[in-house]
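**Student:** model this:
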Amino acid sequence: MESRFRYTYRMPNIQAPPLFQLALTFTPGLGPVRSRRLIAHLGSAAAIFEAAQSDIEQVEGVGSAVARGIIKNRDNALSLANKELRKAENLGVRVVSQDQPGFPQLLRPLPDCPLVLFIRGELDPEDQFSLGVVGSRRCSQYGLEHSERFANRLASRGIRIVSGGARGIDTAAHRGALNAGGRTIVVLGCGLSHCYPPENLALFDSIVDGGGAIVSELPCDAPPEGRNFPARNRIISGMSLGVLVVEAGRKSGALITARQAVEEHGREVFALPGRVDSGACAGSLDLLKMGGAQLVTEPSDIVHALEMPARHAHAGTHSDRYAPDEANRYEPATRANVPGGESGQRVYEACRESRTLDQIGEVTGLDMAAIGQAVTLLEISGLVTRSGGQVTASR
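**Tutor:** Numbers count the residues shown, from 1 in each chain. Predicted coordinates:
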């Protein structure tokens, strides 16, 4: 029998719920990309529900058939959205749109970013310093031990651990972070009225009680179906600075997450070496052989790769530990204070003129993974800003 969360409280409503953004998710023919184009063209999600068909048709990728469907389903979509908001409130779940405070900062600029997230627990600005941890459900003892060890050590340094709450590698990572007293975030492939897998009910409650969060883009009653998990994986990647593949066979969904992290989100990917005679490690080893991941053997390898040196593991929040010195905070960026090493410097110089990621690649000669990592670190440091697909140096 499937377990459900035992809610004992109701979250306060601290901001207006995103009714119109949520209604777009109940509108046939609209996904995140089309919806964002409509919002950008018409000015707001609410305007879509008042616009004429001729105005809707002007948006790239929205033809007359989709426009007619939007108009035909307006009332029903708004009704479903209202019901969903009431259901979420009764469950103690907040619904947050990408243009509201509390939405993950790293996820927001991505083209396939969800319009809304359902959140049990709390997300905060510090969650941008996150690492996705992924791997197989059917894993070895080696995988379980190292997933917990890496998550524990990294969480103790203030890095948030993001994973999917599944059996195996995911569960070990969440436990490792909790045991370190760190924050961990579960991204589910079902709605938040479900607990999947059911044996993780107590773990998920502990994560929320410990200051972490359970997150989904799906309506509260959406069941855990196989088709939901690839979309769930993109959120894990999108919310993280990098992704660690602990142990994965050749058919593991963790490899999809790794591919999305590099190709679609420009994130760094790490992988642990495993036994060469074990099918449980075959996918991870393939990643390493093909250059799709950086080999790591210690948590400190990841800390260094993400420009977070171990010498900064003192008390205080993550932003306190890695904030620039006050004396340099408002000074123009120099080679010495641009993060990301030589790649970061090259990307920063390229962004003195507004450029897309592809244009940055043409100017610098760097691959998309290196560019994505550099841009993310520069953005966190306040040295560049992203808007409309363009990256621009801010100093």
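
**Student:** so where is the chain shaky, pLDDT-wise?
**Tutor:** Applying pLDDT under 70 to the chain flags the ranges 1-15, 307-337, 369, 380-381, 388, 395.

**Student:** State the distance from the most centrally placed residue in it to residue 164.
**Tutor:** Closest residue to the average C-alpha location of the chain: residue 239 at 1.9 Å, with CA atoms, centre = their mean. According to CB to CB, to the nearest Å, residue 239 and residue 164 sit 11 Å apart. No exception for glycine: its C-beta is placed from N, CA and C like everyone else's.

**Student:** And for residue 40?
**Tutor:** 30 Å.

**Student:** so residue 185 sits in a strand?
**Tutor:** Yes. Assessed by DSSP: H, G, I helix; E, B strand; the rest coil, residue 185 belongs to a strand.

**Student:** show me what contacts the residue nearest to the centre of the chain?
**Tutor:** Residues in contact with residue 239 (CB atoms under 8 Å, 6 or more residues apart in numbering) are 104, 106-107, 127, 130, 132, 162, 185, 187.

**Student:** Quickly name whichever of these is closest to residue 35.
**Tutor:** Closest approach to residue 35 among the contacts of residue 239 (CB to CB): residue 107, at 15.0 Å.

**Student:** wait, doesn't that closest one sit right on residue 240?
**Tutor:** No. Residue 107 is beyond contact range of residue 240, at 9.2 Å (criterion: CB atoms under 8 Å).

**Student:** what about residue 96, which SS state?
**Tutor:** Assigned with three-state DSSP, residue 96 falls in the strand class.

**Student:** separation between it and residue 387?
**Tutor:** Distance, residue 96 to residue 387, using CB to CB: 21 Å.

**Student:** Looking at these two, which one has more neighbours?
**Tutor:** With neighbours defined as other CB atoms under 10 Å, residue 96 and residue 387 compare such that residue 96 has more, 20 against 9.

**Student:** Now do the contacts for the more buried one.
**Tutor:** Residues near residue 96 by CB under 8 Å, 6+ apart: 15, 18, 102-103, 116-117, 119, 123.

**Student:** Kindly recompute the last result at 7 Å.
**Tutor:** By CB atoms under 7 Å, 6 or more residues apart in numbering, the contact list for residue 96 reads 102-103, 116-117, 119.

**Student:** coming back round to it: residue 107 and residue 240: who's more crowded?
**Tutor:** Using other CB under 10 Å as the criterion, residue 107 and residue 240 rank with residue 240 on top: 34 against 23.

**Student:** For my notes, confirm that one occurs in a helix.
**Tutor:** No. Under three-state DSSP, residue 240 sits outside any helix and is assigned coil.

**Student:** Mind telling me what element the nearest residue in space to it that is not next to it in sequence is part of?
**Tutor:** In this structure, residue 240 finds its nearest non-sequential neighbour in residue 132, 3.7 Å apart by CB to CB, 6 or more residues apart in numbering. Element membership for residue 132 (DSSP states H and E) is strand 130-134.

**Student:** Contacts for that strand next, please.
**Tutor:** Residues from elsewhere that reach strand 130-134 (CB under 7 Å, 6+ apart): 147, 151, 154, 159-164, 169, 173, 236-237, 239-246, 254, 257, 302.

**Student:** do stretch 243-252 as well
**Tutor:** 131-136, 139-140, 143, 146-147, 150, 169, 237, 254-255, 257-258, 261, 267, 269-272, 274, 279-284, 286-287, 293, 302.

**Student:** Strands of this protein, start to end?
**Tutor:** With strands called from DSSP state E, the chain shows them at 94-97, 116-121, 130-134, 160-163, 184-187, 213-216, 242-245, 268-271, 294-295, 384-387, 390-393.

**Student:** Turn those strands into a markdown table, columns for distance to residue 50.
**Tutor:** Output for those, formatted as a markdown table (distance: least, CB to CB, whole Å):
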| stretch | distance to residue 50 |
| --- | --- |
| strand 94-97 | 18 |
| strand 116-121 | 20 |
| strand 130-134 | 38 |
| strand 160-163 | 37 |
| strand 184-187 | 33 |
| strand 213-216 | 29 |
| strand 242-245 | 41 |
| strand 268-271 | 43 |
| strand 294-295 | 49 |
| strand 384-387 | 26 |
| strand 390-393 | 30 |
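
**Student:** out of the ones you listed, which comes closest to residue 350?
**Tutor:** Here strand 390-393 is closest among the strands of the chain (CB to CB), at 8.4 Å.

**Student:** Contacts only, for residue 69.
**Tutor:** If you count contacts by CB under 7 Å, 6+ apart, residue 69 has them with 28-29.
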